[in-house]
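*Asks:* pasting a predicted model and its sequence here:
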Amino acid sequence: MSDSPDRRALRSRRLLWEALFALLQDHDWAAINVQMICDRADVARSTFYAHFPTKQDLLDRGFGFGLVEIEQLGQRLQGDGSAMPTLAWLVDHLAGSQGFRRRLQGSAAGHAIMSRFRTMTTELIRRDLVRAGVPVSDENLTFAVGGLFAALEVWLAQGCREPQPALIQRLRRQIDVVVQ
């Protein structure tokens, strides 16, 4: 019985995050309000406020959902020293969220969101490298992640033609060259 409220709370938070993410595909950040999120998630406003004080807090929590997905992927890939769960998640995430990415480009909110996303990605790539036994300096890691995002921009602009597994392998090789 005691697990039930936690599962419901997790389900509500997940529904709210999915609603926000879906709205961001078609609307600017500033145009989205709590009521729109609640309507999309089919939950009451009181449910929203029971979990998040603001839509910004929901967005921040959404990054946490991504972290859980990366951890789960990392556990499935464990044992493969060449695996970088962050790369696999990042490629899949960006391929599935192109409308969101387009919405962010050129907006003040987009700059803030992408800055936080890039910081999170940098730390996750660092963790993957450390887990694989690859020491990396801050300077090399920053350079590698900059190149990673540039390569992903090209891949997205070309319509994601390169198969994701091949792209991930290529990106991993490029990161290895930079960090070593």
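*Replies:* Okay, I see it. All values derive from a computational prediction rather than experimental measurement.
*Asks:* just name the shakiest helix or strand of this protein by mean pLDDT.
*Replies:* Least confident helix or strand, the chain: helix 98-104 with a mean of 67, by mean pLDDT, DSSP states H and E.
*Asks:* how far away from the center of its chain is the strand or helix carrying Glu153?
*Replies:* In this structure, Glu153 sits in helix 138-157 according to DSSP states H and E. Here helix 138-157 shows a centroid-to-chain-centroid distance of 15 Å under the convention C-alpha atoms, centre = their mean, to the nearest Å.
*Asks:* and the average pLDDT for that helix is what?
*Replies:* The pLDDT scores in helix 138-157 average 91.
*Asks:* got the angle for the helix or strand containing Gly110 vs helix 138-157?
*Replies:* Assigned by DSSP H and E, Gly110 belongs to helix 108-131. Counting by axes from the mean of the first three to the mean of the last three C-alpha atoms, to 10 degrees, helix 108-131 lies at 120 degrees to helix 138-157.
*Asks:* other SSEs contacting helix 108-131?
*Replies:* Helix 108-131 is packed against helix 55-77, helix 85-95, helix 98-104, helix 138-157, helix 164-179, with contacts defined by 3 or more C-beta pairs under 8 Å, 6 or more residues apart in numbering; DSSP states H and E. All C-beta spots, glycine's among them, are computed from the backbone N, C-alpha and C.
*Asks:* perfect, that will be all.
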